[in-house]
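>>> turn this into a model:
(chains A and B)
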There are 2 protein chains.
Amino acid sequence: MAGAPIRIADADDPRIAAFRSIRERDLVGREGRFVAEGTVVLRMLAASHAADGRFRAESVLVLENRLAGIAGILDSLPADVPVHVADRAVFNTIAGFDMHRGVVAIGRREAAQAAGALIASLPSDSLVLAGCGISNHDNMGSLFRNAAAFGVDAILLDETCCDPLYRKAIRVSVGAVLSVPFTRGGSAQGMLEGLSGAGFEIWALSPRGEAAIGSIVPSERLALVAGTEGEGLPAAILSRFHTARVPQKPGLDSLNVATASGVALYQMALAKGRIG
Amino acid sequence: MAGAPIRIADADDPRIAAFRSIRERDLVGREGRFVAEGTVVLRMLAASHAADGRFRAESVLVLENRLAGIAGILDSLPADVPVHVADRAVFNTIAGFDMHRGVVAIGRREAAQAAGALIASLPSDSLVLAGCGISNHDNMGSLFRNAAAFGVDAILLDETCCDPLYRKAIRVSVGAVLSVPFTRGGSAQGMLEGLSGAGFEIWALSPRGEAAIGSIVPSERLALVAGTEGEGLPAAILSRFHTARVPQKPGLDSLNVATASGVALYQMALAKGRIG
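Numbering: from 1, shown residues only, chains lettered A, B, ... in the order given. Model (predicted):
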């Protein structure tokens, strides 16, 4: 279990420097560190720490009246993870805003996996979500949340996607960023050719896709590709792979990418017998 | 068509007072006025103005370099709707922030319809979405966007829902708040009994619902009920009506209400033969 709580009485205490003004700056990219907010996300971080160690908790800051409620989660953390406790005034001064959740941790990603290694680690029966140019943190978080709900094995993101380890994306994902294995980097084309080479049947999601998403006969290895809202997926991808659409009323602005991919993953998970 | 553009050179010009600092304050509740941002939403507002008059455009403010691009929409507005034009500096000073969309209108809702009147106006074959306690503007906007995409005939909201005419909800809905007929008010129970009395078969959406959403045999009049995230729908509603779930991987936090209702409406629209 984590060590005995360390009482913080001064917002300038150097031991909690990493938590200062966490809304204004984002830790992503700084040695793989990220901010995990709220009880559910802390539980996911602790679970990853204990299970595969892809992510580790470095430090925790808790509002004093939340301590008892998360004792079980803190117990699951190693003893060398410091847990800091502060009253509401000090806590808000540290965070720089009224953080009503009252639970925040700094996490660290161990060495990021390469797409090739992640693909090689997947089981023969696999469902993968690939993202191209997903630049909005809300959408990124929602994609992970949907992927977790429908049992997706891995998420592959191209270099033009935003980092899912941004604070807001982690929060919107309700911690799924820390549970669904992912990689990020390289070109969309290279990423999809890698999947194709590993036997994945690839379906690019588009409002003008050929197949209705419910009509797809699922292959053992199945990948859904989601693009940006507005622009959509590049023509080179739409012409190279299968395309599918979520049927909707004609003449309207298409669904949000989070909802469209949610419906598509639901149908794919159903067709593969993963949910029911 | 709308009148000749009125050049605004001074952010304090009283003719554009309604547009001042529109991010900080919300017009909703002030005589049914609301803010419509962006080209797509302005097009929906103009369409409503021309068609059923449920909503009317009162005044438009456009960045000078956007004027030519929206000429067609402005042409569809009556001549007594003033169109104001400003350069980037004046426009941003008026709005109080860098509004890159460069197109904003003040709209007004004509007398709001009562739930009973809206229900009475629905065709014999109908698909309705009912919302209980939807308090988040993002979720509200997404519910409308999904409803429009899947051909929902009307949205009924209880008194604990937020107003869909909030600026952010309209924006997230991509204008669907102005196209899908809705009412808001009264208790959830009363609203659903009203639907039931009008022959609607009512399905309350819940992660622990009895029926998988894809197994529902659709009635001619079909209503989906969506509740808040976290709390979910009240026990009194879940015990009184049919319940349905979006199947997902066990043991996880449930889907976001926008995605869950998106999947459910997709399935219902498919079962009713409205999309395909």
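>>> list the residues that contact the residue nearest to the spatial centre of chain A.
Centroid-nearest residue in chain A: residue A:177, 2.3 Å away (criterion: Cα atoms, centre = their mean). When contacts are counted by Cβ atoms under 8 Å, 6 or more residues apart in numbering or on different chains, residue A:177 touches A:141, A:144, A:164, A:165, A:169, A:170. In this view, the C-beta of every residue, glycine as well, is placed from N, C-alpha and C.
>>> so which of those residues is the closest to residue A:255?
Checking those against residue A:255 with Cβ to Cβ, the nearest one is residue A:141 at 16.9 Å.
>>> among the contacts of residue A:177, which are in helices?
Counting by DSSP state H, the contacts of residue A:177 place A:141, A:144, A:169, A:170 in helices.
>>> which one of the residues you listed is nearest to chain B?
residue A:141 (9.3 Å; Cβ to the nearest Cβ).
>>> what does the longest strand seen in chain A contact?
Ordering each strand of chain A by length in residues (DSSP state E) puts strand A:55-63 first. Residues outside strand A:55-63 that contact it (Cβ under 8 Å, 6+ apart): A:2, A:5, A:8, A:16, A:18-19, A:33, A:36, A:42, A:45-46, A:48-49, A:70, A:74, A:77, A:81-88, A:91, A:94, A:102-110, A:178.
>>> only C-alpha atoms, please: export the helix ranked longest in chain A in PDB.
Scanning chain A for the longest helix, with DSSP H as the assignment, gives helix A:257-271. Below are the C-alpha coordinates for helix A:257-271, written out as PDB (Å, rounded to 0.1, in the frame of the first residue of the first chain):
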ATOM      1  CA  VAL A 257     -17.200  11.200 -34.800                       C
ATOM      2  CA  ALA A 258     -17.600   9.900 -31.200                       C
ATOM      3  CA  THR A 259     -21.200   8.900 -31.800                       C
ATOM      4  CA  ALA A 260     -20.600   7.500 -35.300                       C
ATOM      5  CA  SER A 261     -17.700   5.400 -34.100                       C
ATOM      6  CA  GLY A 262     -19.800   4.400 -31.100                       C
ATOM      7  CA  VAL A 263     -22.500   3.000 -33.300                       C
ATOM      8  CA  ALA A 264     -19.900   1.400 -35.600                       C
ATOM      9  CA  LEU A 265     -18.000  -0.300 -32.700                       C
ATOM     10  CA  TYR A 266     -21.300  -1.500 -31.200                       C
ATOM     11  CA  GLN A 267     -22.300  -3.100 -34.500                       C
ATOM     12  CA  MET A 268     -18.800  -4.700 -34.900                       C
ATOM     13  CA  ALA A 269     -18.700  -6.000 -31.400                       C
ATOM     14  CA  LEU A 270     -22.200  -7.400 -31.800                       C
ATOM     15  CA  ALA A 271     -21.300  -9.100 -35.100                       C
END
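>>> quick check: angle from that helix to helix B:257-271?
Compare the direction of helix A:257-271 with that of helix B:257-271 by axes from the mean of the first three to the mean of the last three Cα atoms, to 10 degrees and you get 60 degrees.
>>> report the distance from helix A:257-271 to the chain centre.
The chain centroid and the centroid of helix A:257-271 are separated by 17 Å under Cα atoms, centre = their mean, to the nearest Å.
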